[in-house]
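>>> next come a sequence and a model predicted from it.
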Amino acid sequence: MVSHTRRDNSLSFPRAEGKQAVRGFVVVALLLVPSVASVLAGEPNGEVSVQDGGSQVALATFECTRGHKVETRLISLDSGAVKYTFRYCGCVDPSHGDERPAAEGNFGMPEPTSANWYWGGFLNILINGKDATRYRLADLRVTETGRRGAFQVIWAHPDADVGLRLLMLPGANHVMAHLVWKPRPTATPTPTSQPQATIKSVVVRLTCYPSFFTTSRHRHGDRHCQTPRIDKHEPEILELVPEKDTYLYFYDTVFDVAKGEGDGPCAALVAPEALRCGRVHLGDYSVVSELTLRPEVGQARLVFWDFTGHKNAEAAAYLKAHAAEDLARLAQTDFRPEAVRRIQADRLQTEAVGLLTAAADDGKPYRARMGEFLTRVAVLKASADKGDWKAEAELTTVLAGSADLFWKLKALATLNENDNGKK
Ligand SMILES: [Zn+2]
């Protein structure tokens with residue numbers, strides 16, 4: 001009876017349960033309280049769909065030496081308003097050791113357009129001068145789909161574990177990014193210390209071809225970078241003032257959708273806390289932004305916009321009106337996977353014990369599995385609480401995988417209660 005009361009206090013679904021109600025219980029148990037961050041973020045209704053094309057391995061053509069095998073993987077985030085596709089690529093030939101070379105870059109954005117944020121590689125993360133995206137993947141997986149869409153990548157750079165989470169909210173026109181770098185151990189820990197690599201420099205390099213691949217198509221454009229402070233055009237090296245240049249808007253006055261030319265412009269921002277200085281190299285083909293981050297901060301947040309299909313004036317007006325608001329939302333966003341944000345481990349344990357008690361002898365065959373599940377959750381949660389992204393992703397998977405176990409136990413507990421009621 002005690003467990004009966006407890007369950008009635010903690011759960012609120014109609015007693016006339018069927019399969020749906022039982023499944024509802026599992027959802028309630030795992031996703032207990034709406035996260036404060038998501039409420040602050042003002043997430044609109046709607047869904048973000050995420051597609052993971054999986055790892056594809058093929059022989060190199062242009063990416064590396066002929067005969068080498070190259071891994072490619074496409075992951076898309078579709079907010080309902082815009083679909084962004086990201087492309088991971090790297091040569092997995094054993095001769096490269098922990099490196100994964102790829103001629104056009106390792107991390108690109110082929111959609112909404114192959115121009116703008118470069119389809120082959122738009123992002124380099126230089127830690128102590130070496131590009132993290134060129135190293136072995138420690139993790140690459142979808143972490144959320146539905147109310148938000150997200151995936152994470154972790155690269156095993158020699159000096160740091162470098163993690164990148166990309167996230168979209170329903171209806172959003174942009175992708176939010178969270179980048180972290182954690183020094184790696186350099187030697188076996190002693191009882192008193194854990195020697196770690198020193199991270200002296202962190203530079204994020206962003207490459208775009210605003211609106212159109214001019215040179216390769218034998219055309220001339222006029223590349224611009226506009227910030228709230230200044231507007232410069234090619235050829236120029238623009239030195240950024242971090243507190244004033246709060247967004248970077250890349251456009252081409254020749255290749256403007258308003259003139260029936262090009263795909264439309266693009267933009268980016270880095271939240272100012274992590275930005276020490278930066279410069280934008282405005283060439284007549286690529287536009288490369290080198291953003292020098294503060295290594296001691298350990299993380300940075302960024303936004304990427306691709307305004308494909310929009311006129312330059314529309315994108316400029318959007319940024320003037322909304323970039324500050326998008327930056328504020330970026331700062332408030334909790335990038336941890338939904339299940340990790342919402343888990344209440346103590347409550348999960350209480351529910352599990354209550355169900356096992358209520359299911360009595362019928363629950364016996366499931367006790368060991370439930371014990372293993374709870375132990376696994378405790379171990380993963382301890383690592384997740386220390387900011388281990390891999391553990392957070394694994395915890396999400398383990399929680400989702402427990403739905404069937406809870407469903408069975410709930411059904412058994414209900415049957416058992418009904419039997420007791422008849423006696
Ligand atoms: Zn190779």
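Done, it's in. Numbering: from 1, shown residues only.
>>> ok so residue 315 is a helix residue?
Yes: with DSSP: H, G, I helix; E, B strand; the rest coil as the criterion, residue 315 is part of a helix.
>>> how about the nearest residue to it, chain neighbours excluded?
Distance criterion C-beta to C-beta, 6 or more residues apart in numbering; nearest residue to residue 315, sequence neighbours excluded, is residue 307 at 4.0 Å. Placement of C-beta: from N, CA and C, glycine included.
>>> start to end distance for stretch 259-275?
Start to finish, the residues bounding stretch 259-275 are 36 Å apart (C-alpha to C-alpha, to the nearest Å).
>>> what about it, distance to the chain center?
Shown here is stretch 259-275, whose average C-alpha point lies 19 Å from the average C-alpha point of the whole chain (C-alpha atoms, centre = their mean, to the nearest Å).
>>> may I see the buried residues of that stretch?
262-271, 274-275 (16 or more other C-beta atoms under 10 Å).
>>> swap in stretch 167-175?
Result for stretch 167-175 [16+ other C-beta under 10 Å]: buried residues 167-170, 172-175.
>>> was I right about residue 417 contacting residue 358?
Yes: counting by C-beta atoms under 8 Å, residue 417 does reach residue 358; the two are 6.4 Å apart.
>>> which one's more surrounded, the two?
Comparing residue 417 with residue 358 by other C-beta atoms under 10 Å, the one with more neighbours is residue 358, at 24 against 17.
>>> quick check: that one touching residue 419?
No: with contact defined as C-beta under 8 Å, residue 358 and residue 419 do not form a contacting pair (11.3 Å).
>>> of all the buried residues of stretch 259-275, which two lie farthest apart?
Distance extremes for these: the farthest pair is 262 and 274 at 31.6 Å, using C-beta to C-beta.
>>> quick one: residues contacting residue 239.
In this structure, residue 239 makes contact with 277-279, judged by C-beta atoms under 8 Å, 6 or more residues apart in numbering.
>>> if we go to 10 Å?
Contact analysis of residue 239 by C-beta atoms under 10 Å, 6 or more residues apart in numbering lists 230, 232, 245, 277-280.
>>> switch these over to CSV; also include pLDDT and distance to the ion.
What follows is the contacts of residue 239, written out as CSV (pLDDT from 0 to 100; distance: C-beta to the ion, whole Å):
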residue, pLDDT, distance to the ion
230, 97, 42
232, 98, 38
245, 96, 38
277, 97, 35
278, 98, 32
279, 98, 32
280, 98, 32
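>>> just the ones of the residues you listed in strands?
Applying DSSP state E to those, the entries found in strands are 232, 277-280.
>>> residue in the stretch 201-350 of the chain nearest to the ion?
residue 207 (21.4 Å; C-beta to the ion).
>>> again with the stretch 301-423 of the chain
Taking C-beta to the ion, the stretch 301-423 of the chain has residue 390 as its residue nearest the ion, at 26.1 Å.
>>> looking at it, that residue is touching residue 156, isn't it?
No: counting by C-beta atoms under 10 Å, no contact exists between residue 390 and residue 156, whose distance comes to 11.3 Å.
>>> gap between residue 106 and the ion?
Summarising the geometry, the distance separating residue 106 from the ion, computed by C-beta to the ion, to the nearest Å, is 12 Å.
>>> so that residue sits against residue 120, correct?
Yes: checked against C-beta under 10 Å, the pair residue 106 and residue 120 is within contact range at 8.7 Å.
>>> those two: who's more crowded?
For residue 106 versus residue 120, the count of surrounding residues by other C-beta under 10 Å is larger for residue 106: 27 against 19.
>>> give me the phi and psi for the residue lying closest to that one once chain neighbours are set aside.
Once flanking residues are discounted, residue 106 sits nearest to residue 133: 4.1 Å by C-beta to C-beta, 6+ apart. In terms of degrees, to the nearest 10, the main-chain angles of residue 133 are phi -70, psi -10.
>>> and residue 133, what does it touch?
88-90, 100, 102, 105-108, 121, 123-126, 153, 155, 157, 162, 164, 205.
>>> quick one: low-confidence parts of the stretch 251-400 of the chain?
For the stretch 251-400 of the chain, not a single residue meets the criterion pLDDT under 70.
>>> helix, strand or coil: sort out the residue nearest to residue 56 when sequence neighbours are not counted for me.
Nearest non-adjacent residue to residue 56, counting by C-beta to C-beta, 6+ apart: residue 72, 5.0 Å away. Secondary structure of residue 72, reduced to three states by three-state DSSP: strand.
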